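S.K.: Sequence and predicted model, in that order:
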Amino acid sequence: MKILYLLFPLLLLLVQGAAGKAEKCIQKKGFCVLGGCRFPYKYAGTCSTFSHCCKL
């Protein structure tokens, strides 16, 4: 149970970093999608570990 106190701040840092990347994606006129980009959208970057930034 003591490890939960260490994992919670780490999780918050990861979420905060993902939010910043998602904002950059939106500024590029893109959107974040879980997994990979589907046709006709192209890969434009990452939003988080499991999501990618896609745009036309």
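M.R.: Great, that's in hand.
S.K.: following the worst-scoring helix or strand of the chain on mean pLDDT, which helix or strand shows up next?
M.R.: Every helix and strand of the chain was ranked by mean pLDDT, DSSP states H and E. The lowest is helix 2-27, at a mean of 68. Downstream of helix 2-27, the first helix or strand assigned by DSSP states H and E is strand 31-34.
S.K.: phi, psi of residue 45?
M.R.: Note on residue 45: backbone dihedrals following degrees, to the nearest 10 are phi 150, psi -170.
S.K.: so what's the closest residue to residue 45 other than its chain neighbours up against?
M.R.: Leaving aside its sequence neighbours, residue 45 sits nearest to residue 53 (CB to CB, 6 or more residues apart in numbering; 4.1 Å). Backbone N, C-alpha and C define where each C-beta goes, glycine included. Neighbouring residues of residue 53 by CB atoms under 8 Å, 6 or more residues apart in numbering: 21-22, 24-25, 28, 30-32, 43-47.
S.K.: same check, this time on residue 24
M.R.: By CB under 8 Å, 6+ apart, the residues touching residue 24 are 45, 53.
S.K.: Ok, residue 31 next?
M.R.: Counting by CB under 8 Å, 6+ apart, residue 31 has contacts 25, 53-55.
S.K.: let's see it at 10 Å
M.R.: Counting by CB atoms under 10 Å, 6 or more residues apart in numbering, residue 31 touches 22, 25, 37, 41, 44, 47, 51-56.
S.K.: now do residue 35
M.R.: Per CB under 10 Å, 6+ apart, neighbours of residue 35: 50-52.
S.K.: So which of these is the closest to residue 4?
M.R.: Closest approach to residue 4 among those (CB to CB): residue 50, at 22.0 Å.
S.K.: And the closest one, how close does it get to residue 35?
M.R.: Between residue 50 and residue 35 the computed distance is 7 Å (CB to CB, to the nearest Å).
S.K.: Residue 22 too?
M.R.: Counting by CB to CB, the gap from residue 22 to residue 35 is 15 Å.
S.K.: same question, residue 45
M.R.: 15 Å.
S.K.: With residue 7 instead?
M.R.: 25 Å.
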